[in-house]
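In: would you be able to build a 3D model of this:
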Amino acid sequence: MKPMLENINVTTNASFKIETYRSADNCALAGWHIHPEYELVFIKNGDGILHIDSIKTPYRNGTLVFLAGNIPHADFGNKEHPDNVEIVIQFKKEFLDEKLNVFPEFYAIKKLIKKSQHILVFDSKVKQKLEREFTRFKNLDNQGKLINFLGILNALSQETAYQTLRHTVPLEKFKRDDILRLEQVFEYVNNEYPQNISVEKIAQRLGLTANSFCRFFKKMTQKRFIGFVNEYRIEKAIGLFNETNSTISEVMFRSGFNDPSYFARQFKKYQGTTPSAYVRARYSN
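Out: Numbering: from 1, shown residues only. So this is what the prediction gives:
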């Protein structure tokens with residue numbers, strides 16, 4: 001089955017993305033998917049299946065897995081325990097090339113990251129030992145999160161208690177040209193979402209006609225481009241509501257919308273509630 005290419009939105013003021021999922025969360029599953037970012041996943045407890053590339057292997061009482069980018073995989077988490085927590089950390093290759101490579105002291109961490117091509121599943125004792133570090137991200141600012149993340153990578157780089165799920169790295173690239181092309185689209189949307197998004201402009205950048213681009217985007221993501229842009233902008237709006245005291249009008253304009261009724265319809269489509277109801281609920285907690 002062909003994996004879907006998942007867009008990983010790493011914000012401009014961060015070097016990596018952290019998401020925490022709990023059993024009670026009603027979050028959409030990515031299904032069988034692929035993305036160019038590296039991924040480190042901590043699952044506190046419960047039983048499940050790691051389906052990565054052509055490999056399927058069960059885990060018990062949670063897991064800690066690290067895999068490189070461009071490796072197709074399914075969702076790892078489970079809802080078996082009401083107190084289960086899944087913490088997903090994702091970062092781009094540039095984090096290694098442009099940041100860690102500056103410091104020769106990070107040699108062991110860089111070696112660990114390269115090993116992730118083999119898909120590393122760490123021993124349960126390693127997972128348990130690092131549980132506190134993974135769960136403390138929620139109480140840290142961006143600087144603290146970076147320091148904590150480097151501490152986790154440093155600890156893992158010194159561990160030998162892990163298994164590799166594949167012993168060789170495939171030489172073939174998984175539709176590398178299409179992945180690189182779609183990365184350009186994601187980068188364009190990430191940079192231009194507050195402004196007018198032009199299908200013609202991004203199509204021209206990719207050397208395609210507007211119609212060819214729309215067909216390409218639908219083939220790769222199973223989404224219409226305008227729907228993807230609206231969903232992306234709503235995610236940005238949620239971030240602004242949660243992180244600032246901006247008014248609804250300010251958030252609307254800053255996230256790329258200029259029509260209040262259209263903004264409200266799109267917000268309800270993707271969040272199940274209106275912007276005003278979302279704000280009221282936020283301030284009532």
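In: so where is this protein shaky, pLDDT-wise?
Out: The chain contains residues with pLDDT under 70 at 1-3, 11-12, 23-30, 80, 168-176, 283-285.
In: where along the stretch 1-150 of the chain do the helices fall?
Out: In the stretch 1-150 of the chain, the helices defined using DSSP state H, counting those that start in this stretch lie at 93-94, 107-115, 124-129, 131-135, 142-157.
In: which residues touch the fourth one?
Out: Same thing as helix 131-135. 42, 44, 85, 87, 148, 151, 152, 155 (Cβ atoms under 8 Å, 6 or more residues apart in numbering). Using the backbone N, CA and C atoms, a C-beta is placed for each residue, glycine as well.
In: in the stretch 1-150 of the chain, which spans are strands?
Out: Applying DSSP state E, counting those that start in this stretch to the stretch 1-150 of the chain gives strands spanning 4-5, 17-22, 33-34, 38-43, 48-52, 55-59, 63-67, 85-91, 120-122.
In: format these as a markdown table; extra columns: mean neighbour count.
Out: Output for these, formatted as a markdown table (neighbours: other Cβ atoms under 10 Å):
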| stretch | mean neighbour count |
| --- | --- |
| strand 4-5 | 20 |
| strand 17-22 | 15 |
| strand 33-34 | 17 |
| strand 38-43 | 23 |
| strand 48-52 | 18 |
| strand 55-59 | 13 |
| strand 63-67 | 24 |
| strand 85-91 | 21 |
| strand 120-122 | 20 |
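In: as a markdown table, these with distance to residue 164 would be great.
Out: As requested, these are exported to a markdown table (distance: least, Cβ to Cβ, whole Å):
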| stretch | distance to residue 164 |
| --- | --- |
| strand 4-5 | 25 |
| strand 17-22 | 25 |
| strand 33-34 | 19 |
| strand 38-43 | 15 |
| strand 48-52 | 11 |
| strand 55-59 | 10 |
| strand 63-67 | 10 |
| strand 85-91 | 20 |
| strand 120-122 | 6 |
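In: out of the ones you listed, nearest to residue 234?
Out: Closest approach to residue 234 among the strands of the stretch 1-150 of the chain (Cβ to Cβ): strand 17-22, 16.5 Å.
In: report the angle between the closest one and strand 38-43.
Out: Counting by axes from the mean of the first three to the mean of the last three Cα atoms, to 10 degrees, strand 17-22 lies at 20 degrees to strand 38-43.
In: so who does the closest residue in space to residue 21 that isn't next to it in sequence touch?
Out: In space, residue 21 comes closest to residue 86 once its chain neighbours are excluded; the distance is 4.4 Å by Cβ to Cβ, 6 or more residues apart in numbering. By Cβ under 8 Å, 6+ apart, residue 86 lies in contact with 20, 21, 22, 41, 42, 43, 44, 76, 77.
In: what about residue 260, neighbour count?
Out: Around residue 260 there are 12 other residues, counting by other Cβ atoms under 10 Å.
In: about what we covered before: wait, which of the strands of the stretch 1-150 of the chain is closest to residue 251?
Out: Among those, strand 17-22 comes nearest to residue 251, with 21.0 Å by Cβ to Cβ.
In: got the CA coordinates for that closest one in PDB?
Out: In PDB, the C-alpha atoms belonging to strand 17-22 read as follows (Å, rounded to 0.1, in the frame of the first residue of the first chain):
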ATOM      1  CA  LYS A  17       8.400  19.500  16.900                       C
ATOM      2  CA  ILE A  18       7.000  17.800  20.100                       C
ATOM      3  CA  GLU A  19       3.500  16.500  20.300                       C
ATOM      4  CA  THR A  20       1.900  14.700  23.300                       C
ATOM      5  CA  TYR A  21      -1.000  12.300  22.800                       C
ATOM      6  CA  ARG A  22      -3.100  10.800  25.600                       C
END
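In: now do that strand and strand 85-91, the angle between them.
Out: Angle, strand 17-22 to strand 85-91, by the same axes, to 10 degrees: 170 degrees.
In: re earlier: what's the closest of the contacts of residue 86 to residue 105?
Out: residue 42 (24.8 Å).
In: how about the contacts made by the closest one?
Out: For residue 42, the contact set (Cβ under 8 Å, 6+ apart) comprises 62, 64, 85, 86, 87, 127, 130, 131, 134.
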